[in-house]
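Peer 1: can you look at this prediction? I've put the sequence above it.
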Amino acid sequence: MVVVRKETEMREMCLSQIELAARWRISPRTLERWRWIGDGPRFMKLGGRVIYRVEDVLAFEQQELRDLEEIRSC
């Protein structure tokens, strides 16, 4: 079925709050707080569900990378 296939593809392209928290080994509440203060990766809210696109998560991870020289200069 086309509907099932698209739903499966969507799950592979997106992470729930619980899945992202597990990936980063942080509390789901941390992600909630980040959303509240406007920090963290971009997210979508569909109905009552918050989801994170994998591409946005990867972009945020890349943005947060720190070079050793950058750390030493602080």
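Peer 2: Yes, it's here. Just so it is clear, the model here is predicted, and its values are computed rather than measured.
Peer 1: can you pull the buried residues of stretch 51-64?
Peer 2: Ile51, Tyr52, Arg53, Asp56, Val57 (16 or more other Cβ atoms under 10 Å). No exception for glycine: its C-beta is placed from N, CA and C like everyone else's.
Peer 1: strands of this structure, start to end?
Peer 2: Here the chain has its strands, by DSSP state E, at 14-16, 44-46, 49-53.
Peer 1: quick revisit: can you add pLDDT and give the buried residues of stretch 51-64 back as JSON lines?
Peer 2: Shown next, in JSON lines, are the buried residues of stretch 51-64 (pLDDT from 0 to 100):
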{"residue": "Ile51", "pLDDT": "97"}
{"residue": "Tyr52", "pLDDT": "97"}
{"residue": "Arg53", "pLDDT": "97"}
{"residue": "Asp56", "pLDDT": "97"}
{"residue": "Val57", "pLDDT": "97"}
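Peer 1: pull the helix or strand with minimum mean pLDDT from this protein.
Peer 2: For the chain, the helix or strand with the lowest mean confidence is helix 2-13, at a mean of 58 (criterion: mean pLDDT, DSSP states H and E).
Peer 1: thought Tyr52 was touching Cys14?
Peer 2: Yes. The pair Tyr52 and Cys14 passes the contact test of Cβ atoms under 8 Å, sitting 6.4 Å apart.
Peer 1: shared neighbours, those two?
Peer 2: By Cβ atoms under 8 Å, 6 or more residues apart in numbering, Tyr52 and Cys14 have these common neighbours: Met44.
Peer 1: as TSV, the strands of the chain with distance to Trp34 would be great.
Peer 2: Converted to TSV, these look like this (distance: least, Cβ to Cβ, whole Å):
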stretch	distance to Trp34
strand 14-16	14
strand 44-46	14
strand 49-53	11
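Peer 1: buried deepest among those, which one?
Peer 2: The highest mean neighbour count among the strands of the chain, using mean count of other Cβ atoms under 10 Å, belongs to strand 14-16: a mean of 19.
Peer 1: output the contacting helices and strands for it.
Peer 2: Here strand 14-16 touches strand 49-53, helix 54-64, going by 3 or more Cβ pairs under 8 Å, 6 or more residues apart in numbering; DSSP states H and E.
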